[in-house]
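Visitor: My questions concern the predicted model and sequence given below.
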Amino acid sequence: MFPRRAAALPLVVALTLVGGDARADARAEDADVARRIAWIEARLARGTGAADRWWTGWYVGFTALTVGQGAVAVATTDPGLRADMAVGAVGASLGVAPLGLFPFEPRFAASDLAAEAGGTAGERRRKLAVAERLLAESADAEAFGRSWAVHLLGGGVSLGLGLVLAIAYDRLASGILNFVGGVALTELSIFTQPTDAIDAWREYRSGTFGPRASGLGFRF
């Protein structure tokens, strides 16, 4: 009987060691997940203020231009000024519309992530997936706002409205001013848009955001 127990002892020790290694690996993996979440949370929170200020400033500005020029167009008796103001109001409204219709993800990403549960290892892994998605979507939103498509669209709208004034209303000077002003506003809004999420997503994907991950197999 004793020899059998003695023979089984190494197996028990080996299984205990394997179990201990597995638990250690699980703890290391969970620690890395928590580290990644904390870093993403900090970066999203850091970019929220700038995103809010940029969105609010341009939304209020374009709204004021739309309402102000529209009011002048309605009140004035000068046909030329009415045309200038009406076309200008249309152009400004086209600046308001995308800001109002499409959410700017960097404004809400930090609060959306903070609402996710993270009390257990399983919840933390799910929260990390949400964190990575929110950071990627924020970076995509900022990248699109700086893309050639936005430059081209803004310039095209400004050119079109300028041509309307110059050709349809025979107001060449107003058309040129409308075109130049529209392009200037478009380029200024693009230039002032925050890019923190783009930088954060690049750092995260490259692994340069902190100590290298322990090889959890996350794919980007």
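Guide: Yes, it's here.
Visitor: chain center to stretch 161-172, what's the gap?
Guide: On the basis of Cα atoms, centre = their mean, to the nearest Å, stretch 161-172 is displaced by 37 Å from the centre of the chain it belongs to.
Visitor: start to end distance for that stretch?
Guide: Using Cα to Cα, to the nearest Å, the gap from the first to the last residue of stretch 161-172 comes to 11 Å.
Visitor: What residues sit buried inside that stretch?
Guide: Within stretch 161-172, the residues that count as buried by 16 or more other Cβ atoms under 10 Å are Leu161, Gly162, Val164, Leu165, Ala166, Tyr169, Arg171. Where you see a C-beta, it was placed from the backbone N, CA and C, and this is true even at glycine.
Visitor: can the residues you listed go into a markdown table with extra columns for secondary structure?
Guide: Supplementary listing: these in a markdown table, determined by DSSP: H, G, I helix; E, B strand; the rest coil:
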| residue | secondary structure |
| --- | --- |
| Leu161 | helix |
| Gly162 | helix |
| Val164 | helix |
| Leu165 | helix |
| Ala166 | helix |
| Tyr169 | coil |
| Arg171 | coil |
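Visitor: Which single one of those residues is nearest to Ile198?
Guide: Of all the buried residues of stretch 161-172, the one sitting nearest Ile198 is Leu161; the distance, using Cβ to Cβ, is 30.5 Å.
Visitor: got a list of what the closest one touches?
Guide: Taking Cβ atoms under 8 Å, 6 or more residues apart in numbering as the definition of contact, the neighbours of Leu161 are Val87, Gly88, Val90, Gly91, Gly175, Asn178, Phe179, Gly182.
Visitor: export the residues you listed to TSV and tack on neighbour count and secondary structure?
Guide: TSV is the format used below for these (neighbours: other Cβ atoms under 10 Å; DSSP: H, G, I helix; E, B strand; the rest coil):
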residue	neighbour count	secondary structure
Val87	24	helix
Gly88	24	helix
Val90	16	helix
Gly91	26	helix
Gly175	23	helix
Asn178	24	helix
Phe179	21	helix
Gly182	25	helix
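Visitor: In TSV: those, plus pLDDT and distance to Thr48.
Guide: Converted to TSV, these look like this (pLDDT from 0 to 100; distance: Cβ to Cβ, whole Å):
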residue	pLDDT	distance to Thr48
Val87	96	36
Gly88	96	32
Val90	95	32
Gly91	95	30
Gly175	96	40
Asn178	95	35
Phe179	96	35
Gly182	95	29
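Visitor: out of these, who's nearest Pro103?
Guide: After measuring the contacts of Leu161 against Pro103 - Cβ to Cβ - the closest member comes out as Gly91, at 22.9 Å.
Visitor: What pLDDT does the model give the closest residue to the closest one other than its chain neighbours?
Guide: Leaving out its chain neighbours, the residue that sits closest to Gly91 by Cβ to Cβ, 6 or more residues apart in numbering is Leu161, at 4.9 Å. The model reports Leu161 with a pLDDT of 96.
Visitor: how close does Leu161 get to Leu172?
Guide: As for Leu161, its distance to Leu172 is 13 Å (criterion: Cβ to Cβ, to the nearest Å).
Visitor: Go ahead and confirm Asp84 touches Ser174.
Guide: Yes - at 4.8 Å, Asp84 counts as touching Ser174 under the criterion of Cβ atoms under 8 Å.
Visitor: Now do the shared contacts for these two.
Guide: Leu165.
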